[in-house]
Every structure is written in C-alpha cells, then in structure tokens.
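In: What follows is a predicted protein model with its sequence.
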Amino acid sequence: MIRAYAVRLASVAAAACVAASLAIAAPLMGAKPAQPQPAADKLQPGLSVNYLYMMFSHVSEVPKAGKGKPGPVLANLDHRTDSGNVLTATNSMGVGALINGFIKLDKPGTYTFELLSNDGVKLSIGGVLIHEDPGIHSDMTSPPVELAVTEPGWYPFSIDYFQRKGTSALRLSWKPPGGQTMVVVPPEAFASLKP
C-alpha cells in the first residue's frame with residue numbers, strides 16, 4: 001500500500017515537473033520573414049493547398065507521395081468535422097494536404113500558437129518547426145508554443161497534414177503580442193502567391 005502510494009506520488013511529481021518545464025520553456029527563435037517580402041499584387045488571400053489521396057500513417061509520408069492536386073484556397077485553418085470532407089478536399093478519409101503560403105506577423109514580440117489536429121501534422125513558420133504530431137490520433141491540441149519575432153512582415157508558412165479515417169480536425173489558434181486569449185488565426189493573417 002505504501003509502495004503504491006509512493007509510485008503514485010512520484011508520477012504526480014514527474015507530471016508536475018514536465019508541466020512546469022513546458023510553462024517556462026523559452027520562446028522559439030530564428031524565424032525568418034520572407035526575403036524579399038512578397039509584393040501585394042502577387043498575393044491572394046488564404047493558403048494554397050495540394051491534396052493527395054491515400055491511407056497515410058505518418059506525416060512524413062505526405063510530401064514523399066508527390067505534389068498532389070491543387071484544391072480551393074483555405075481562408076484560414078478552422079476545420080473540425082465528424083463525417084464531412086477534410087478541409088476543401090473531395091474525400092472524408094485517406095487525405096493528405098500540403099498547405100503553403102505566408103502568415104502575417106505584423107509586430108515584433110512573442111506569438112503563442114496552439115494547433116488542434118486529427119490526424120498527423122507538422123507546422124513550420126519562417127523555417128522554424130513549431131509543432132509536429134506525426135502519427136494517427138484523435139483530436140489533440142498541442143501545448144502552447146511561443147515564437148519570438150524580431151521583424152514584422154510576411155513569414156513563410158507550411159503545414160503537412162493527413163487524415164486517415166473517422167473525424168478530422170485542423171485548427172490554428174494564436175495569441176499575438178499584447179493579446180489576452182487564444183483565438184483562431186483570422187483569414188486576414190494568411191496569404192499565398194497567386195497561381
């Protein structure tokens with residue numbers, strides 16, 4: 001009985017240490033804005049997406065499967081469904097997505113991001129890996145990830161994502177510098193190059 005209590009207490013202490021280390025982790029550094037910054041007349045609102053249709057098991061398989069077929073531009077990333085199509089794809093299962101464009105980080109400071117996904121996902125901003133949850137899983141939200149930004153502007157943005165079967169989700173939230181709460185990143189913060 002005492003041993004079981006000690007094991008339980010050690011587990012709780014370990015979880016508290018992990019939570020504390022996540023809470024005090026230094027912001028990610030090194031994100032680079034696009035150079036040169038894209039001209040306004042070369043941009044369209046939203047993110048470009050190419051779809052691949054197969055039963056992926058790991059997010060690293062998505063870019064290896066090819067370029068995919070272009071889909072309708074994504075206004076932003078606020079997707080969650082129990083049975084409908086994945087994002088703007090034509091299927092509800094067996095979908096991979098290569099999502100690219102730019103995100104507008106319009107002031108210096110620390111941006112906090114959270115990414116809800118179902119299934120695998122890999123997000124990079126300005127060449128910095130923000131979050132990766134590569135395998136098959138139900139709806140999972142990343143821990144908050146802070147990104148220190150020194151220069152305002154458009155930053156390269158990419159997500160590799162797949163949905164194997166069942167429910168699907170892909171939602172990016174942020175708290176910009178000076179923000180009080182996490183909110184879904186709005187459409188005006190995203191752009192991609194015109195085709």
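Out: Nice, I can see it. For clarity, every value in this text was computed on a predicted model and none was experimentally measured.

In: Give me the spatial nearest neighbour of Gly46, chain neighbours excluded.
Out: Closest residue to Gly46 apart from its sequence neighbours, by Cβ to Cβ, 6 or more residues apart in numbering: Val73 at 3.8 Å. For the C-beta atoms, the positions are set from N, CA and C on the backbone; glycine is no exception.

In: Following the chain onward from the strand or helix carrying that neighbour, which element is next?
Out: Using DSSP states H and E, the element containing Val73 is strand 69-74. Using DSSP H and E, the helix or strand that follows strand 69-74 in sequence is strand 78-81.

In: quick one, helices of this protein?
Out: 2-23, 61-64 (DSSP state H).

In: Buried residues in the shortest one, which are they?
Out: For helix 61-64, burial by neighbour count (16 or more other Cβ atoms under 10 Å) applies to 61-63.

In: Now render these as a markdown table, adding pLDDT and distance to Phe157.
Out: Listed next are these as a markdown table, based on pLDDT from 0 to 100; distance: Cβ to Cβ, whole Å:
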| residue | pLDDT | distance to Phe157 |
| --- | --- | --- |
| Glu61 | 97 | 21 |
| Val62 | 97 | 16 |
| Pro63 | 97 | 15 |
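
In: quick one: which of those is nearest Pro33?
Out: Lowest distance from Pro33 to the buried residues of helix 61-64 (Cβ to Cβ) belongs to Pro63, with 23.2 Å.

In: what number of residues lie near the closest residue in space to the closest one that isn't next to it in sequence?
Out: Once flanking residues are discounted, Pro63 sits nearest to Asp160: 5.7 Å by Cβ to Cβ, 6+ apart. Neighbour count of Asp160, defined by other Cβ atoms under 10 Å: 23.

In: residue contacts, the residue nearest to Pro134 when sequence neighbours are not counted?
Out: Of all residues not flanking Pro134 in the chain, Val59 sits nearest, at 4.3 Å (Cβ to Cβ, 6+ apart). By Cβ atoms under 8 Å, 6 or more residues apart in numbering, the residues touching Val59 are 120-122, 132-135, 160-162.

In: How about Pro177?
Out: Pro177 neighbours (Cβ under 8 Å, 6+ apart): 107-111, 149.
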